[in-house]
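Trainee: Predicted model and sequence follow; I will ask about them next.
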Amino acid sequence: MLPASETKNNAVLVLSSGITLIQSDDGLANGTGLWIGGQILTAFLVSSGLVKSGMRVIELGSGIGFTAISLAKLGCAVDATDIPIVLGKTLVPNVARNSDLPGTVRVRELDWSVAPQNWRWDHPTAIASPTHSPSVEQKLTTPFDMVLSADTIYSTDLVAPLMRSLQAICLQSLAVSSRVPPVYLCLERRDPQLVDHALKEADETWGFTVTRIPKHKVSKAVDKMYEWQKAEWEGVEIYKLVLRKK
């Protein structure tokens, strides 16, 4: 598999893993194309042994679905979430064409701008949508084992909505279980000031303990899965966020 930057003009990606994906570079949404952060996060999760069959995972900003589908191949039950334009153009079609998997991928809208008290966990296609509001606040009934997000730190305006959404998922999972699910956040350090701001906000405002995954561990995973040169993914970092219990 080549780095996303080398395949951005390919409408169809046929991968050696058996996954086939469509993507779009029409510029209408960031999430309709493959991004390198999703590739690196997937390599780390697949190679690290952190992912086990039967785990319940939710991904924010699933894009074309590469990470979600890859984890479903390992037997996970994944909620792949994004905004409607991404769902319609790439995520729903890609999940449909890669449906014969040991695990499952459920595609659902999750708009980070919607306050968590207005989320709908019982809705089959929309957890958080400006057009769907529950009459009473709903709570998560089955906890998640892991929360993921990649290539989602690119705008200052989106940092707070993303962190609020991550915190809400962790809090609701904790409320119905004995543990807080770890969040794995993969980003590309294109704008160091923005990245540092986001990580500081995660810690100081939203209550996460933020730990960077050591570069040598990420590099080992990338070497194992892709055999890329380090220059091809320079600047991509993975962080583990764990919500502090009060």
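Mentor: Perfect, I can see it now. Residues are numbered from 1 along each chain as shown.
Trainee: following the host helix or strand of Val105, which helix or strand shows up next?
Mentor: Using DSSP states H and E, Val105 sits within strand 104-110. Proceeding N to C from strand 104-110, the next assigned helix or strand is strand 126-128, under DSSP H and E.
Trainee: partners of that following strand, with directions?
Mentor: Note on strand 126-128: by DSSP bridges, its sheet partners are strand 104-110 (parallel).
Trainee: And the partner strand, what's buried?
Mentor: Val105, Val107, Arg108, Glu109, Leu110 (16 or more other Cβ atoms under 10 Å). For every residue, glycine as well, the C-beta is placed using N, CA and C.
Trainee: Mind checking the pLDDT average for it?
Mentor: In this model, strand 104-110 carries a mean pLDDT of 97.
Trainee: do stretch 162-180 as well
Mentor: Mean predicted lDDT for stretch 162-180 stands at 95.
Trainee: who's in contact with that stretch?
Mentor: Residues outside stretch 162-180 that contact it (Cβ atoms under 8 Å, 6 or more residues apart in numbering): 58, 60-61, 110, 112, 115-116, 119, 128, 139-144, 147, 149, 152-153, 181, 183, 185, 198, 201-202, 205-208, 241-243, 245.
Trainee: about what we covered before: make TSV out of the buried residues of strand 104-110 and add distance to Arg164.
Mentor: Conversion of the buried residues of strand 104-110 to TSV gives the following (distance: Cβ to Cβ, whole Å):
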residue	distance to Arg164
Val105	24
Val107	22
Arg108	18
Glu109	16
Leu110	12
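Trainee: Show me what the lowest-mean-pLDDT helix or strand in the chain is packed up against.
Mentor: Here the helix or strand of the chain ranked lowest by mean pLDDT, DSSP states H and E is strand 12-14, holding a mean of 91. Using 3 or more Cβ pairs under 8 Å, 6 or more residues apart in numbering; DSSP states H and E, the elements in contact with strand 12-14 are strand 20-22.
Trainee: The strand it packs on - contacts with which helices or strands?
Mentor: With contacts taken as 3+ Cβ pairs under 8 Å, 6+ apart, strand 20-22 sits against strand 12-14, helix 92-97.
Trainee: next one: the longest one to chain centre, how far?
Mentor: This points to helix 92-97. Computed by Cα atoms, centre = their mean, to the nearest Å, the chain-centroid distance of helix 92-97 equals 17 Å.
Trainee: so what secondary structure elements neighbour that helix?
Mentor: strand 20-22, helix 66-72, strand 104-110.
Trainee: Contacts for that helix next, please.
Mentor: Against helix 92-97 from outside (Cβ under 8 Å, 6+ apart): Thr20, Leu21, Ile22, Ile64, Gly65, Ala68, Ile69, Ala80, Val105, Val107.
Trainee: how does it look with 7 Å?
Mentor: With contacts defined as Cβ atoms under 7 Å, 6 or more residues apart in numbering, helix 92-97 is touched by Thr20, Leu21, Ile22, Ile64, Gly65, Ile69, Ala80, Val105, Val107.
Trainee: of those residues, buried ones?
Mentor: Leu21, Ile22, Ile64, Gly65, Ile69, Ala80, Val105, Val107.
Trainee: Once you drop chain neighbours, what's closest to Phe44?
Mentor: Using Cβ to Cβ, 6 or more residues apart in numbering and skipping residues adjacent in sequence, the residue nearest Phe44 is Ala221, 4.5 Å away.
Trainee: Which per-residue confidence value corresponds to Leu50?
Mentor: Note for Leu50: predicted pLDDT of 93.
Trainee: Begin at 44 from now on, thanks
Mentor: Fine by me, first position is 44 from now on; the one you just mentioned is Leu93.
Trainee: so how far is Pro186 from it?
Mentor: To Pro186, Leu93 is 17 Å away according to Cβ to Cβ, to the nearest Å.
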